[in-house]
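Q: Kindly generate the corresponding structure for this input.
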Amino acid sequence: MKDKVCLLAIKSRFAELRKSESCGGKKVMNLKQLLQGKIRVNNKFPFVNTRDTACIICNHIVNGESPILFVSHDEDDGMWQFLCGGSHGVEDAKVVALGEVFDLDPSIGKVAEMPCGYCATRDKVDSDWVVKNENNDNKANGWDAITELCDEIYRDQKNPKHYGILISWELGGNDPLRGISVYDGGDYWHFITYGLSELYEKESDIKDVSGYGMEFTFKLKKDNYENEENEIKCICGILQSIARITFTKGEIFNNYEYLYTGQTEGIDCSGKSNITGFITVPDDKFHEINTPNGRVSFVELIGVTDNELKAIRNKQISVRELYEKIGSDVTNYNRKSVM
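A: Now for the predicted structure:
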């Protein structure tokens with residue numbers, strides 16, 4: 001990897017700066033000055049590091065020639081590096097404050113939770129970050145275990161759509177899930193969550209269960225949506241909201257249960273669909289896995305109508321019976337109620 005080889009030289013050159021965790025010294029470049037003040041301060045800082053933490057950025061980004069396409073969080077000292085993805089020499093490096101890089105490009109906040117020893121790449125500014133383990137260690141073994149299962153199921157999709165977060169739940173963010181991947185299932189989009197299980201180090205006392213022991217999945221039928229990307233993001237928001245129930249109330253979702261809120265508006269972007277709530281079933285593609293942090297089951301949510309939910313509440317039909325009657329685990333916004 002060309003960037004990493006040259007960075008060893010760059011970091012050697014700035015060894016004195018790296019002795020301090022902050023970059024308040026005069027030797028550190030001021031990115032605002034380099035960009036002639038054309039940078040807006042963003043107060044919602046998602047990194048655990050302080051805003052004045054020293055990091056490396058390349059001249060191509062500073063000069064406006066290229067965007068940030070490569071981010072590395074180094075294993076040896078935890079230093080952040082923000083590069084354009086091309087080849088560099090020592091003379092191409094600047095040491096600046098992490099907060100100023102975030103103000104320049106807030107999208108780097110999506111990889112703020114990336115552990116040391118990992119790097120992230122993207123093809124262009126509006127592409128999703130692809131996070132990789134540079135050293136093949138197991139610091140994100142829970143995350144990696146889910147991704148490995150996804151790779152088995154969708155062998156030809158190594159870089160699916162992925163929707164991360166800017167500020168983690170632990171740092172006061174509103175979204176508890178660390179990310180949601182969306183795979184192309186042919187005639188539907190297949191959503192898989194990351195965050196209800198323990199993605200990094202084992203923290204809970206229950207050794208054989210990872211976190212809450214589950215992750216959500218969801219299948220949305222492809223259709224002639226006015227804006228398909230907005231519909232996908234809408235589902236991501238709903239999955240975050242349901243996960244928030246678990247994080248705030250400790251609610252564990254099992255198979256063949258229902259989620260009824262009493263709302264009558266559709267769960268689609270426009271709120272016009274008959275689908276207003278959910279039932280849960282086993283995902284026929286994602287089997288239970290044993291990760292280094294414990295067991296993880298995949299609970300699939302299926303969209304159902306208000307009439308169907310009322311029939312379940314009134315004990316006219318069970319969740320299993322309703323699932324059989326619907327005949328598909330793919331949520332179709334245009335589906336008519338079977339009750």
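Q: Return the distance of Ile56 relative to Gln81.
A: Here Ile56 is placed at a distance of 4 Å from Gln81 (CB to CB, to the nearest Å). (C-beta placed from N, C-alpha, C; glycine too.)
Q: Counting neighbours, what do you get for Ser273?
A: 18 (other CB atoms under 10 Å).
Q: Could you double-check that it sits in contact with Gly266?
A: Yes: contact criterion CB atoms under 8 Å: Ser273 and Gly266 qualify, at 3.1 Å.
Q: list the residues that contact both of these two?
A: Common contact partners of Ser273 and Gly266 (CB atoms under 8 Å, 6 or more residues apart in numbering): Tyr333.
Q: returning to what we had before: looking at Ile56 and Gln81, which one has more neighbours?
A: Using other CB under 10 Å as the criterion, Ile56 and Gln81 rank with Ile56 on top: 24 against 21.
Q: tell me the helices in the stretch 201-339 of the chain, going along the chain?
A: All helices of the stretch 201-339 of the chain, identified by DSSP state H, counting those that start in this stretch, fall at 228-249, 306-313, 319-326.
Q: who wins for proximity to Asn63 among the ones you listed?
A: With CB to CB as the criterion, Asn63 lies closest to helix 228-249 of these, at 31.6 Å.
Q: what's the closest one packed up against?
A: If you count contacts as 3 or more CB pairs under 8 Å, 6 or more residues apart in numbering; DSSP states H and E, helix 228-249 packs onto strand 161-164, strand 179-184, strand 188-194, strand 209-221.
Q: Give me the mean pLDDT for the second one.
A: The average pLDDT for strand 179-184 rounds to 94.
Q: between that strand and helix 228-249, how many degrees?
A: Taking axes from the mean of the first three to the mean of the last three CA atoms, to 10 degrees, strand 179-184 and helix 228-249 form an angle of 140 degrees between their directions.
Q: circling back to that earlier point, JSON lines for the helices of the stretch 201-339 of the chain, including distance to Phe298?
A: Shown next, in JSON lines, are the helices of the stretch 201-339 of the chain (distance: least, CB to CB, whole Å):
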{"stretch": "helix 228-249", "distance to Phe298": "13"}
{"stretch": "helix 306-313", "distance to Phe298": "22"}
{"stretch": "helix 319-326", "distance to Phe298": "16"}
